[in-house]
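> Quick one: sequence and predicted model below, then my questions.
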Amino acid sequence: MRQQVVAIVDDDLGMLKSIERLLKAYDFQTAAFTSAEAFLDGSAVNAATCLVFDVHLGGMSGIELRRRLTASGSNLPVIFISAIDDENVYEEALASGCVAYLRKPFLAQLLIGAINKALPQ
């Protein structure tokens, strides 16, 4: 089975590094990006098996990034994370087809569980 690569997009460098360390501790390969635009410019779009996007990014939002990927034919599972408790944003994220929506700060096990649920076994 091919290695599971989780792409993470979060403009909070501390959060990005924390998630990256957590996932590596659970033997996931990671590809980390500080913006949606950087993610789209990289090769992670083709290598990733699961996506973790912050909803609120400088520039293109995580939800817009998901829409763009879907429009281009991608059906990769997406987990959204957000520090902002906004019911409208939550509904918009669910409508875009995410497998989970986690509010920061979240328990590590919630993210790992969501990723394991999203990935093919």
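Good, I have the coordinates. Numbers count the residues shown, from 1 in each chain.

> Need the three-state assignment for the residue nearest the centre of the chain.
A centroid search over the chain (Cα atoms, centre = their mean) returns residue 52, at 1.0 Å, as the residue closest to the centre. Following DSSP: H, G, I helix; E, B strand; the rest coil, residue 52 is assigned to strand.

> Give the bridge partners for it, please.
For residue 52, the residues forming beta bridges with it (DSSP bridges) are residue 8, residue 79.

> Make residue 1 into 37 and carry on from there
Renumbered: residue one is now 37, and that last one reads residue 88.

> Find me the pLDDT at it, would you?
At residue 88, the model reports a pLDDT of 98.

> any idea how far the lowest-mean-pLDDT helix or strand in the chain is from the chain center?
Least confident element among the helices and strands of the chain, by mean pLDDT, DSSP states H and E: helix 80-83 (a mean of 82). Distance, stretch centre to chain centre, for helix 80-83: 13 Å (Cα atoms, centre = their mean, to the nearest Å).

> buried ones in it?
Buried residues in helix 80-83, counted by 16 or more other Cβ atoms under 10 Å: 80-81. (Glycine included, C-beta is placed from N, CA and C.)
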